[in-house]
Structures are given as structure tokens and as C-alpha cells.
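In: Pasted the sequence and its predicted model underneath.
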Amino acid sequence: MTESPRRRAVDVLLPQVGGLGGIPQYNRQLLKALGLACDELDLEPRVFSLNDANVTGGRGFGRDKGRFVSAVVGGAVARRPHSVIIGHVNLAPLALVYRLLGVRRVYLLAHLIEIERKLGVVSRLAIRLCSSVLCISDATRLAVVTHQGVRPERTRLLQYAFEPSAPRTASEFGDLVDRPLRLLSVARMESSEGYKGIDTTLEAVALLKASGVDLEYTVVGDGDDRRRLGRLCVNLGLQDSVRFLGAVSYEVLGREYGSCDVFVLPSSREGLGIVYLEAMSYGKPVVALHAGGVADVVVHETNGLLVSEQTAEAVGAAIGRLAKDASLRARLGERATAGLARFSLAASTVSLRDALGGCAVRRGRWRASNVPPEHGCPIPEVAG
Amino acid sequence: MCGIAGILPLGESAGLSDVRERLGAMVRAMRHRGPDDTGMYIAPDGRGGLGNTRLAIRDLSPAGHMPMASADGRTWITYNGEIYNAAELRGELERLGFAFRSTGDTEVILNGYLAWGVELPIRLNGIFAFAVWDETARTLLLSRDRFGVKPLYYASAGNDLVFASEVRALLASGLIPRVADRQAVEHYLMFGSCPSGRTIIAGVSGLPRASYASVAAAADVSRHDSADVDVKEYWSQAGEFAGADPIPDSELEERARETFKVAVHSQMASDVPVGLFLSDGTDSTALAAFMRATTGSDIRSVTVGFDEARFDESDRSRSTADRFCLDHAERRIGPAEVLDSLPEVIAAMDQPTIDGVNTYFVSQTAAQSGLKVALAGLGADELFGGYRTFADVPRVDRLMRQVSALPFGPEGGRALADIPGVPYRWRKLGAWLTEGASGTDAYAAVRGVLSPRRVASLLGEPKAISASLDSVELNGSLIGNAAAVSLLESSIYMHNQLLRDTDCMAMAHSLEVRVPYLDASTSRLAVATVGAWSQSAKAPLKLARSIYFPIGLPDKPKQGFTFPFDPWLRGPLRPLVQQLTAADVVVSRSAWVSLVNDFDHGRAHWSHVWAPIVLDRWLRENDVSLGPRAELASAAA
């Protein structure tokens, strides 16, 4: 993006924009929404990405931290920005620099996984120097407040700007008279991400098949845990009913979303869960765990079924309920598409515009015993 | 929902010669309750009859016309309400050999009466008030639902008994003098609503909740005394608490969720679309979740918002509506609109009340958006310990008993009320201190509006008046118990104010409001989970709703759905205060000026000022005189 001397800058510091995974995906959509919000506010985004070699409309630093920091600081000194969005808690210490330079609107973008443990002193200090913490879900807000001691009124929900990444194909609905119920999971199968619940789903499928429910289960995604899951599949005697497709193209992914009946991913640590939104965009009901930020997206008995425990019995009961009731599947699927409006690019743009257009907020510490009545409301506009 | 009315000759005298005209006037006075149809039944001897004005919700066909006759034409019913277990009862009655000509619930009650007599009301799960006239036995059965959602008033007028869904319909009969009951006026000023047994009109009684009255036409009654109607209770909330079977903690969430879902589903039964009064509170957002969980149909939600940010919940309501894919209608209300609409609001009040303005506007919004039925979250706070009173009343009770036991304790406490600078809550407690405090005194002190002393001065009473809550028989020793506070809240505040206001304000817009938290099943859940909700407010409801909502920050502290009257009465609604000061007021002018002065200096709540304003306007609107003081009346007699 070309800088205009007449427009004030919004510095955006991101760990990564390109590649796979939820956070880069979130960042790509953030930049889209930010571009629109900046146009409305007559501001100019100035994007710095640490891990990317190149970024369209911004600068990539190919993991060179020194160059990244000097470019960010140099840019801020040369032209003090109107505001700053720091896209990862590991970059939070740079908030100190901006505050020293007198920038009042410093926002940290928080993702659940990084924020749900108590951070180091420097990061915590930096977070408190931020005027507001933008959270990707209600669960993230809760974690920011409880683990980092940030006051609730200094947190703000920044809704994900969802746009389907996979191409559309016709969705199938049916009464399953002449075919099994098709289940789909999409997840990275890294051993560090064992919380996704693929193993629980495999066990649930085994339970259901044992009770006479006809199922097919497709798993999309790859990683170092795939072998273990494959063994589990064999041990459960599900070789004929489960397909591991590995990493697939967006085209294939779109076909899988379109042809499944139910999307299942009982993950216990999702900050938001973009894959649920993808499945919902195909009008598919979702089975998920009521944990993390999932319930921001999946609304129980409205567009999917949530279970309280990551157990084969609970997940199996939810799948079984959908297997038996075609009208429930159709009803949840219909509401799934309707529910996407909450995650539109327009809604995200409005959130960002309101955040950037507002004033800085006083700093302070929140105590659980003294929740102010206005918590949960939009940030009060207090001159800082 | 409907309006019902009737005239029954009690004596052997000739009776009224103009029953049809008088009954017609009563039905016309309630036309807003049921614009879809009206009907009258005049007994063959012409001395009595039943009337009905109908809002058609179920069985929209002419087969649902009321009053409705039994197959043999000898038993007639006029009925207002909804029976949620009508299908189940219909099945039972069919097995007993009854045939049905309509699909609605009116005929279920009628045949139910023929099958079970006075054992019928306890079998009904719903909101209802009905009258069944048995031509063969020459008896009239009047009955009301368990929590008193649907109103029913009656009075003896000469040799006749008259009854109706509204007090003003009784006035329209021309048989009841337009004179206010002074004790009811005192009660209104002290508590914000008229008591349940009496009404604002002298001689008019309200049929108690969960009761029936069987009246024989042959009885020889010639006095203006409604006590001649033999009222029997068929269900008791206190009795339900006594017989409760506690639910284990491990099963609480699942059973609570199932109970709420089933109750909501059964209350969504309708042949017209069902909507929702939506705010940001736990109760209505939970209803949104349960409604969406049980139906794929479109659901319209309505809310009202304000420019005063502290009172405004519209953003959060919209967010809930989006979450549950509701078709949301929102309206912003400002003081100018309230001022302009005040005559209509007062006209909608069946009796004076300090509340109801909020329900008037949200009902109007619902009706304007095309709804005839809406669910509301009313009742959850009373049944599941949602109010602060559940903590405050036992505390205040202990304090009052201790102070009362001290020499000059009550006098000292009352003196506290006059010391400037003492915090409002303490002054209020001081003003309500009585000799020998009983269980209900603490509740009165917490829920009271104007103190007995202030009411006496406003009404020019020469001596102190009693602040008794005559509608509740409560053992004082129970007051520390959450169940006892629930009983008080549901039989006083909810019954006398919330339900009455909701009925008349919604009916003013021909809207039926249903209250799933007062379903028979949720009521049983409440008594079975008292251990949980007495420890943590509304625990069963919060557990049941949790899976429908994100895991996030704790709920906001309870705010309640209230209009910003405090700032408005200091600003844009100030003319109302000035008009009452300038008018030929029903209350003592000097006491009123003193009250306004206290309000202006932050020593009185906005409701203290609002109560006399409404009283004055209501009496004028309905051409009702205040009536003499008790001692003057007895002296004159």
C-alpha cells in the first residue's frame, strides 16, 4: 500500500499473514477489514509481518527479528502513527516503544491459545499499556481478564471477518435411505494439537456403528499425529468407514464440505474455530465441544449441537441424534447459513472502525469481586 | 386471550331487567382484550348471563366462539387464557366418552367441568380465568390459574353477583359505585400496587390466585358484601415447597434444561406466530435459546431502547437476536413519547400502578410488528431467587427484630429517617420500623415505596396507618428461608404488580403474553431445586442456559427492565410534577410539596413522586372519587 502524506498511519504488526492455520487466516481477513475501516476514517494501514518474506501492501521480514524491530521503531519515529494494532502477544513489548513515542491508541490482538496462561512480566506490563485488547471471542476476553488482569472494559470483541475460502459446490441433504451418514472433520493433526478431538470422534463412530448407525467418516488434514490416529482407527475396526485424506486442495476441501452431512470437531482449545464457519457456510450442522471460543460460532440447537464433555459417549449421542432426525439436520443447517451474518466482513469493519475511531481508555486492574456494571458493553470513550 | 364478564342473580327476586344492556356495556369496556369476536349468553329467565370478547389464538374458526355451550346446551362457559396440557386432557376426556366439536381449549375446560367438577382447576396447566354456568344445578364456578396470571374480579351488587376480567368492566355495568377503597389506596401508595384481595374500587374483590368459587344462584344474598362468595384454594405454592423432592446436583443441569425446553415448547402452541419480549437479562435470553432450540419456525423478538446508556440494552438484545436467528424489532423510547402517550397509558391501567409503562410500550411494539402472542421472562426471579430481596429480606428481618427488642428501638429507628445526610437505604428502613416486627414487615420495608407515615400525611390521615400485607399468611419464623421470600415475591410483588400490569398493558394492545417460567413444570422444578438457587441466584436456569451461550465474562449485575424515570422526572417529565402541584390534588398539597422537595434533593426515590401522579390521573380518568376516611365513613353510618 502506498503511503499518502495526507493520511495518518495505522501500524499493524503481525507474526504471519501467509500460510496455513487459523491465526494467519484471521490476519488476512483482519487486513481486509482494516483496509475498509481505514478508508472510512481516512487512515492508512502500514503492515509489518515478521515471518513472511513478502506481504502484499506491506513489508515482510522473513523471520528477521532485528530488521523487523528496527523497521517498526524507525517507521514510528519517522512518522508517528495515529494508532497501532499489535497482532500477537509475543510482539506486545513493542507497545512500550509506541507509548514512549506518545501514541495513545495501541491495541493488542489476542488469540485464546496464547493468552490463557499467565504471561511474563514484560508482556503483562506491555498489555496494560495498551489502550485496549481486541479479542477474537468471548472466551478470549475472559482469559485476558482472568489471566492477564486486564479490566473488562479495556477488552473488546473483534469479530472475525469470514469469507469462505473453498469454492462452492452443491450441498446435499437427504433422508439417508440408501446411504450412510457422512461425517467430516478438518484439522491439523499435529501431536501438539491433540486437543482437536479426532480420536474422540473415532471412538464415537465406533460406538455408533456398534449400535447399528450407518456412518462414513472423512478426516481432512495432516501432521505428525496422523499415524497414531490411523492406528486407533484400525484398533477400533473402522478401516472401512474412515478415510484420512491428508492435506487437500481448496477445491477438494470444498467438495468434502459440500458432500458431508455433519461436520464434527470436538476440539477443547479453539480460540474461535474458523473451520466451523466454513462448514456452516455450506449449510452443514456442526457437532462441537462447549469449550474455548467455539460457542461464539456454534450455537447449540440453533446451528449445531454442542456437547459438555470431550467423551465418545457425549459426541456419539450428538451424532446419533442428528443421524436419526433428518428434519433437525435440515433445520440446523438452514440456521447455520443464516448465522454467518454475525461474522461478515462488514461487521468486522464496523468493529475495527469503532475501535480505531474511539479514544484511548484509562489503564487499571480488574478484580473479579468488583465487576463494574458496564462490563460487556462497548468501551466507554474516556479521553486519555 | 379474552375478556370475560357475567351477571348472576343471587336471590329469588325479579333480578335486573336490563341484563343484556349491562352485560353488553361490560363486554364493550373490554373490547381491547379481544377484538376478534364478542358474544353473550343470556339465561332463559333473562336474569343473568355471560359475556366474552375474544382474541383468537387457537382454533381461529367460529367453532371457538364464546360463551360456549355444552353438547346438551345446559352448561355454558366464558373463558380467558391458554391451557398448555389441553391435548392431554382432551385425550382423557375422549376416553371418558366426551365428543369435541372444536379444536381449541375452551371445550376442554367445559367438558372437564362436566367430568370432574371442582376437581378440574388442579388438573389444568396454564393461565386462565373462567366462569362456568350450570343451568341444571343453578351454580356458577369461577376459577383462576395457580399464579394469578389471568385476572378475575367480582362484586355483589344488590341481588346480583357481577364478575369480569377487569375492574373497569365492573364499573361499566353501572352496578358498582365509582368510589375508591381507601385501604386499597393506602396500599397502593405504600407498595406501588393495589392489594390482591381488595381492589381500588370499594366492594370489588379479586378472586385469589389458585382458587375457585362455587356460587349458587339460589342463595339469598342482599348485602354489598363480597365475602358471601365461598372461595376455596385448590393449590398452594407453600404446600408445593413442603412436598418437594430435591433433585441431586449431578442431574440438575440436564433436568432443568429439559424442563425449561418442554415448558417453552408447550407454551409456543398457537395458531398464530409467537414472539418474545427480549432484553439483555438472563431470563429472556434463556427464553430465546429455549425457543430456538424447540422450533424451526420464525420467531420475532421485540425490545425497547433508550438514549440513556445506563438503561439501554438494545445493542445486547440485538446481539442475542442475531445469535438465535430471531427476527428482531427494536424501538427507541424517549421522554417526549412517554409524555405524549401518558393519557393512553393511564387509560390502559385497570388499577393504579407505579409500573407497567415499560410493558405498555414493549407490548405496543410487539402488536405493531404483527404479533398476537409473546413470551416473557416474568417469574424466574420470583421462583428461582433472582432478586436482591432474597438476601436483603432475611437480613432486614433480623435487624428489625433486634431493634424492635430494644427500649425505644422503633422510635429511634423512625427518628433516623428524619436525619439529613443518612443514606437513603437506612432512612427507608427506619421509616418502616414497627413495634414487634413480624415476618412480612421486613419484606414490606424492602419492597415498600412510600412509608406508612408519608402515606398518612399525603392522605391527610390524622393517625398512623397500618402497613400490613394482608394477602399473605406467613409464619414469621420462615422468613429466613429462601422459599418464604419466594412465596412473598410471587404472591405480592409478582401477583399484584408484575402480572396485573402485564395483563392490562398487553391486553390494551390485544396481545397475549405467556410466562413459561410460571408453568406448572417449572414451578415444580423451582421447589425441587431450592437448595441450589438459595445458594446461587437462579442456578438451575443459569446452568440450563449455559450451553447455549459463549464461555465468557460473568453476567452483568441485575439491572431490570426499567425506564429512566429518575432523570426524566427531573427533566422532560417535570411538567407532570408541576401539574399535580397546581391541580386540585387528591393528596395533601403540603405533603406533596414536601415529597417533591425530598425528591429534588435526592432524599426520595422517583417512584415516590410517580405514585401520586398516577393515582391522581387514574381517579380522574375513571371518574372515581377517593371516598371518605374510615372513621368519617363509620361516623356517617
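Out: Perfect, thanks for sending it.
In: who touches the residue of chain A found nearest chain B in this structure?
Out: Closest residue of chain A to chain B, CB to the nearest CB: residue A:138 (3.1 Å). From N, CA and C alone the C-beta is placed, and that goes for glycine too. Residue A:138 sits next to A:157, A:293, A:295, A:296, B:550, B:551, B:552, B:553 when contact means CB atoms under 8 Å, 6 or more residues apart in numbering or on different chains.
In: ok, so what distance separates the residue lying farthest from the centre of chain B from residue B:297?
Out: Among residues of chain B, the one most distant from the C-alpha centroid is residue B:407; the distance is 40.4 Å, by CA atoms, centre = their mean. Between residue B:407 and residue B:297 the computed distance is 67 Å (CB to CB, to the nearest Å).
In: again, but for residue B:117
Out: 38 Å.
In: Of the two, give the one with the bigger neighbour count.
Out: residue B:117 (15 against 11; other CB atoms under 10 Å in any protein chain shown).
In: Pull out the CA atoms of stretch B:260-271 and give them to me as PDB.
Out: Listed next in PDB are the C-alpha coordinates belonging to stretch B:260-271 (Å, rounded to 0.1, in the frame of the first residue of the first chain):
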ATOM      1  CA  PHE B 260     -37.500 -25.400  30.600                       C
ATOM      2  CA  LYS B 261     -37.400 -26.600  27.000                       C
ATOM      3  CA  VAL B 262     -40.600 -28.600  27.400                       C
ATOM      4  CA  ALA B 263     -42.400 -25.700  29.200                       C
ATOM      5  CA  VAL B 264     -41.400 -23.300  26.400                       C
ATOM      6  CA  HIS B 265     -42.300 -25.700  23.700                       C
ATOM      7  CA  SER B 266     -45.800 -26.300  25.200                       C
ATOM      8  CA  GLN B 267     -46.300 -22.500  25.600                       C
ATOM      9  CA  MET B 268     -45.400 -21.900  22.000                       C
ATOM     10  CA  ALA B 269     -48.500 -23.900  20.900                       C
ATOM     11  CA  SER B 270     -50.500 -21.400  18.800                       C
ATOM     12  CA  ASP B 271     -52.300 -21.000  15.500                       C
END
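In: Now do that stretch: everything it contacts.
Out: B:56-60, B:82, B:84-85, B:125, B:274, B:286-287, B:290-291, B:293-295, B:373, B:375, B:514, B:516-517, B:519, B:521-522, B:525, B:541, B:544-545.
In: Buried ones in it, by neighbour count?
Out: Neighbour-count burial for stretch B:260-271, counted by 16 or more other CB atoms under 10 Å in any protein chain shown, picks out B:260, B:261, B:262, B:263, B:264, B:265, B:266, B:267, B:268, B:269.
In: just stretch A:308-317 next, same as before
Out: Residues of stretch A:308-317 classed as buried: A:310, A:311, A:312, A:314, A:315, A:316, A:317 (neighbour count, 16+ other CB under 10 Å).
In: Out of those, which are close to chain B?
Out: With CB under 8 Å from any CB of the partner chain as the criterion, these include none near chain B.
In: Of the residues you listed, which belong to helices?
Out: When DSSP state H is applied, the buried residues of stretch A:308-317 are split such that A:312, A:314, A:315, A:316, A:317 fall in helices.
In: how about low-confidence regions in the stretch 101-250 of chain A?
Out: Scanning the stretch 101-250 of chain A for pLDDT under 70 picks out A:165-177.
In: go with 50
Out: Flagging of the stretch 101-250 of chain A using pLDDT under 50 yields the residue ranges A:170.
In: Please apply the same query to the stretch 101-250 of chain B.
Out: Using pLDDT under 50, the stretch 101-250 of chain B drops low at B:219-227.
In: Which helix or strand contains the closest residue to chain A within it?
Out: At 12.6 Å from chain A, residue B:250 is the closest residue in the stretch 101-250 of chain B, using CB to the nearest CB. Assigned by DSSP states H and E, residue B:250 falls within helix B:249-267.
In: Residue B:444 is in contact with residue B:429, isn't it?
Out: No: look at residue B:444 against residue B:429 with CB atoms under 8 Å: they stay out of range, at 10.9 Å.
In: okay, now the residue of the stretch 101-250 of chain B closest to chain A: neighbour count?
Out: Counted with other CB under 10 Å, residue B:250 comes out at 8.
In: A strand includes residue B:60, no?
Out: No: applying DSSP: H, G, I helix; E, B strand; the rest coil, one finds residue B:60 to be coil, outside a strand.
In: For it, which non-adjacent residue is spatially closest?
Out: residue B:271 (5.5 Å; CB to CB, 6 or more residues apart in numbering or on different chains).
In: got it, and residue B:195?
Out: residue B:187 (4.6 Å).
In: quick one: which helix or strand includes the one you found?
Out: helix B:182-191.
In: Could you export whichever strand or helix holds residue A:68 as PDB, CA atoms only?
Out: Remark: residue A:68 resides in helix A:65-78, with elements defined by DSSP H and E. Extracted in PDB, the C-alpha atoms of helix A:65-78 (Å, rounded to 0.1, in the frame of the first residue of the first chain):
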ATOM      1  CA  LYS A  65      13.500 -10.100  14.300                       C
ATOM      2  CA  GLY A  66      16.200  -7.400  14.300                       C
ATOM      3  CA  ARG A  67      15.200  -6.000  11.000                       C
ATOM      4  CA  PHE A  68      11.600  -6.200  11.900                       C
ATOM      5  CA  VAL A  69      12.000  -4.300  15.200                       C
ATOM      6  CA  SER A  70      14.300  -1.600  13.700                       C
ATOM      7  CA  ALA A  71      11.800  -1.100  10.800                       C
ATOM      8  CA  VAL A  72       8.900  -0.800  13.200                       C
ATOM      9  CA  VAL A  73      10.700   1.600  15.500                       C
ATOM     10  CA  GLY A  74      12.200   3.600  12.700                       C
ATOM     11  CA  GLY A  75       8.900   4.000  11.000                       C
ATOM     12  CA  ALA A  76       7.200   5.100  14.200                       C
ATOM     13  CA  VAL A  77       9.900   7.600  14.900                       C
ATOM     14  CA  ALA A  78       9.900   9.000  11.400                       C
END
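In: which helices and strands does the helix or strand following it pack with?
Out: Sequence-wise, the next helix or strand downstream of helix A:65-78 (DSSP H and E) is strand A:83-86. If contacts are counted by 3 or more CB pairs under 8 Å, 6 or more residues apart in numbering or on different chains; DSSP states H and E, strand A:83-86 sits against strand A:8-14, helix A:94-100, strand A:105-110.
In: Return the most buried member of those.
Out: strand A:105-110 (a mean of 26; mean count of other CB atoms under 10 Å in any protein chain shown).
In: Following it in sequence, what is the next regular element?
Out: helix A:112-115.
In: Also compute the angle for the helix or strand that that next one is followed by relative to strand A:105-110, please.
Out: Later in the chain than helix A:112-115, the nearest helix or strand by DSSP H and E is helix A:121-129. Put simply, helix A:121-129 runs at 120 degrees to strand A:105-110, going by axes from the mean of the first three to the mean of the last three CA atoms, to 10 degrees.
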